[in-house]
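Chemist: show me how the following folds:
(2 chains)
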Amino acid sequence: MNKVVTVNLNGNAYSLEEPAYDALRAYLDGADSRLQGNPDRAEIMSDLEQAIADKCRRHLGPHKSVVGSAEMERILAEMGPVEADTGGGAAAREEDRGPKPRPDAPRRLYQIREGAMISGVCNGLAAYLNLDATIVRIAFVVLTLLTGGIWILAYIIMMFVVPYADTSEERAAAHGQPFNAQELVDRAKQHYSELREQGSRWHDDWRQRQRARREKRAAAAEREFWRSERAHGDAGYATRLLAGLMVPVFTALSGALFVALMLAVLSLLVTGGILDWTLPADVPVWAAVLVLAIAYQALHVPLRAASRASYETTAGSRHGWLAAADGVLWIGFAALLFWLAYLFVPEVRSLFDDIRYDLGHLSFVRAGW
Amino acid sequence: MAIDEKFTSIRKGLLEFLILRIIAADKVYVADMLERLRATPFATQEGTLYPLLSKLRREELLDYEWQESDAGPPRKYYKLTAKGRSQLAELNRYWKQINVTVEELGQSA
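Modeler: Numbers count the residues shown, from 1 in each chain, chains lettered A, B, ... in the order given. So this is what the prediction gives:
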């Protein structure tokens, strides 16, 4: 069962099913906005209403008194879109002469499998930068040699991070639009005419969206605030005290972890091993550094989360001051650890002495690679 | 590109001329005009025709009068003004000239 709406079409009363009414409303609103600025707008609107009324009557009979949505759709299709000015007006001709509007696809970085040498990173980058893939590949090789292998990391990271262009839309986006002046001009023109056409409607829409976004942001901020406050408020005194005590503990752990990473990396670079363990000859140094960095991240991320939770439990939503104080603490602690290690761990001491010696000869890094 | 698509702008440009011709030949209302054009390549719709007619009326090429109809509400019947008639005569001449030119250009010199 459908709700029925009674409308007055240029002085004639008609009963429409609700979806039919919505379609009619949309058609008339569209016509009205397109006729904006036309001195005969009111008259044309009433002509259109009359024509629709005539067509409605044709669909009604003694046993049918309501216009359904399918009939309204047919009626509106018969009416055709209302044109802004006139059938043969300047606007219509301009539209014919201009280039077909293209879907506006912003360029995106993808990996492209087709014609790839390894994974498609260089291929995708070449498409993105509008360069020949060979040039990009040579640049990668040269950069890798210049950086002693570190640049390979960039390739590996992009291999995992940059998505593949699998669909035709994505492949189009990978290449973006041809980059020449005429295209730019055409695009600007198209953009301008779209803007002009949409006019105030676009502006209203934009403002509405801005408002919605603002509200959403405010709501999110508020939720975050209450979540923090709850973590703060729900926790009993003892828990909060414990959390407060844990903050420097987490900080110390994080600092120690960092110091361990730095020492391990330095040791790898200078001595080619860590403590008694030496790097096998066939494993490059950069691979070992990468493994260390990943291990560090794996340990560091949960530590960070735990320390953040401690701040919130201790200080509620206003934990900024605590985080800042903690940052200072972290730096101090890491420096202290370095110093202590240098004083009391002979291996670390000899490591630093090696570095000092090698720095004097400016050769240690190259020897390490 | 289809022929149909190639001549879109020509058809649009000619519509005004054809409407003037239809109105000159007969006293018609909008449904009549649509009917006359329906089977031709110039078939059009109310959404296009009403704005066009209102423009032609603003240019004082045509006018309308209300006339009762036996089926339903009164209708607007359109007719040409004196200005409309003289412009149509001019357009007719111009159209013939275009036709001659098109024919001539197709023949070897």
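Chemist: burial measure for residue A:273, as a count.
Modeler: Here the number of neighbours of residue A:273 (other CB atoms under 10 Å in any protein chain shown) works out to 14. Using the backbone N, CA and C atoms, a C-beta is placed for each residue, glycine as well.
Chemist: how about the nearest residue to it, chain neighbours excluded?
Modeler: residue A:279 (5.4 Å; CB to CB, 6 or more residues apart in numbering or on different chains).
Chemist: give me phi/psi at the residue of chain A found nearest chain B?
Modeler: Closest approach between chain A and chain B, counting by CB to the nearest CB: residue A:80, at 2.8 Å. The phi and psi torsions at residue A:80 (degrees, to the nearest 10) take the values phi 80, psi 160.
Chemist: swap in residue A:67?
Modeler: Torsion angles, degrees, to the nearest 10, at residue A:67: phi -90, psi 120.
Chemist: what's near enough to touch the residue nearest to residue A:273?
Modeler: Contacts of residue A:279 were listed using CB atoms under 8 Å, 6 or more residues apart in numbering or on different chains, and they are A:268, A:272, A:273, A:285, A:288.
Chemist: go on, residue A:335?
Modeler: Residue A:335 touches nothing, counting by CB under 8 Å, 6+ apart.
Chemist: A strand includes it, no?
Modeler: No. Counting by DSSP: H, G, I helix; E, B strand; the rest coil, residue A:335 is not part of a strand but helix.
Chemist: okay, domains of chain A per the record?
Modeler: A:4-90, A:121-175, A:237-368 (automatic domain parsing).
Chemist: need the contact list for whichever residue of chain B sits closest to chain A.
Modeler: Distance from chain A to each residue of chain B (CB to the nearest CB) is smallest for residue B:45, at 2.8 Å. Residue B:45 sits next to A:78, A:79, A:80, A:81, B:34 when contact means CB under 8 Å, 6+ apart.
Chemist: quick one: buried ones out of those?
Modeler: Buried positions within the contacts of residue B:45, assessed by neighbour count (16 or more other CB atoms under 10 Å in any protein chain shown), are A:79, B:34.
Chemist: CSV for the contacts of residue B:45, including pLDDT and distance to residue A:65?
Modeler: Below are the contacts of residue B:45 laid out as CSV (pLDDT from 0 to 100; distance: CB to CB, whole Å):
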residue, pLDDT, distance to residue A:65
A:78, 88, 21
A:79, 90, 22
A:80, 88, 27
A:81, 87, 29
B:34, 92, 27
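Chemist: got CSV for the contacts of residue B:45, with secondary structure and distance to residue B:75 too?
Modeler: Formatted as CSV, the contacts of residue B:45 follow (DSSP: H, G, I helix; E, B strand; the rest coil; distance: CB to CB, whole Å):
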residue, secondary structure, distance to residue B:75
A:78, helix, 18
A:79, helix, 17
A:80, coil, 20
A:81, coil, 23
B:34, helix, 13
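Chemist: the contacts of residue B:45: which two are farthest apart?
Modeler: A:81 and B:34 (15.0 Å; CB to CB).
Chemist: for the residue positioned nearest the centre of chain B, what are its contacts?
Modeler: By CA atoms, centre = their mean, the mean C-alpha position of chain B lies nearest to residue B:19, the distance being 1.6 Å. Residue B:19 is in contact with B:33, B:49, B:52, B:53, B:56, counting by CB under 8 Å, 6+ apart.
Chemist: the residues you listed: which ones sit near chain A?
Modeler: Near chain A, judged by CB under 8 Å from any CB of the partner chain, the entries from these are B:49, B:52.
Chemist: filter the contacts of residue B:19 down to the buried ones.
Modeler: Restricting the contacts of residue B:19 to buried positions leaves B:33, B:49, B:52, B:53, B:56, with burial counted as 16+ other CB under 10 Å.
Chemist: quick one on the thing from earlier: could you measure from the residue of chain B closest to chain A over to residue A:297?
Modeler: 65 Å (CB to CB, to the nearest Å).
Chemist: can you check residue B:73 too?
Modeler: 78 Å.
Chemist: between those two, tell me which one has more neighbours.
Modeler: Taking neighbours as other CB under 10 Å, residue B:73 and residue A:297 compare with residue B:73 leading, 14 against 11.
Chemist: do you know how far that one is from residue A:155?
Modeler: Between residue B:73 and residue A:155 the computed distance is 76 Å (CB to CB).
Chemist: got it, and residue A:210?
Modeler: Look at residue A:210 and residue A:155: by CB to CB, they are 41 Å apart.
Chemist: show me which of these two is the more surrounded one.
Modeler: residue A:155 (16 against 10).
Chemist: hang on, that one packs against residue A:123?
Modeler: No. Judged on CB atoms under 8 Å, residue A:155 makes no contact with residue A:123 at a distance of 12.0 Å.
Chemist: ok, stretch A:54-64 near chain B or not?
Modeler: Yes. Judged by CB under 8 Å from any CB, stretch A:54-64 and chain B are in contact via A:54, A:57.
Chemist: first-to-last residue distance for that stretch?
Modeler: Distance across stretch A:54-64, first residue to last, is 15 Å (CA to CA, to the nearest Å).
Chemist: now that stretch, how far from the centre of its chain.
Modeler: 53 Å (CA atoms, centre = their mean, to the nearest Å).
Chemist: same check, this time on stretch A:18-37
Modeler: 36 Å.
Chemist: what about that stretch, average pLDDT?
Modeler: Averaged across stretch A:18-37, pLDDT comes to 88.
Chemist: count of residues packed around the closest residue to residue B:11 other than its chain neighbours?
Modeler: Leaving aside its chain neighbours, residue B:11 sits nearest to residue B:42 (5.8 Å; criterion: CB to CB, 6+ apart). The tally of other residues near residue B:42 (other CB under 10 Å) stands at 16.
Chemist: ditto for residue A:348
Modeler: Neighbours of residue A:348 (other CB under 10 Å): 19.
Chemist: hmm, residue A:339 and it touching each other?
Modeler: No. Counting by CB under 8 Å, residue A:348 stays clear of residue A:339, with 10.2 Å between them.
Chemist: without its sequence neighbours, what residue ends up closest to residue 32?
Modeler: The chain I'm using is chain A. Closest to residue A:32 by CB to CB, 6+ apart is residue A:45, at 6.1 Å.
Chemist: let's do chain B instead
Modeler: residue B:26 is the one closest to residue B:32 (CB to CB, 6+ apart), at 7.3 Å.
Chemist: so that neighbour sits against residue B:35, correct?
Modeler: No. Using CB under 8 Å, residue B:26 makes no contact with residue B:35, being 11.2 Å away.
Chemist: tell me how far the lengthiest helix in chain B lies from the chain's centre.
Modeler: For chain B, the helix that runs over the most residues, judged by DSSP state H, is helix B:82-106. Here the centre of helix B:82-106 is set off from its chain's centre by 14 Å, with CA atoms, centre = their mean.
Chemist: contact partners of that helix?
Modeler: Against helix B:82-106 from outside (CB under 8 Å, 6+ apart): B:17, B:20, B:21, B:23, B:24, B:56, B:60, B:61, B:62, B:80.
Chemist: how close does the first one sit to residue B:37?
Modeler: With distances taken as CB to CB, residue B:17 is found 12 Å from residue B:37.
Chemist: and if you look at residue B:74?
Modeler: Distance from residue B:74 to residue B:37, by CB to CB: 23 Å.
Chemist: who's more crowded, the two?
Modeler: residue B:37 (18 against 12).
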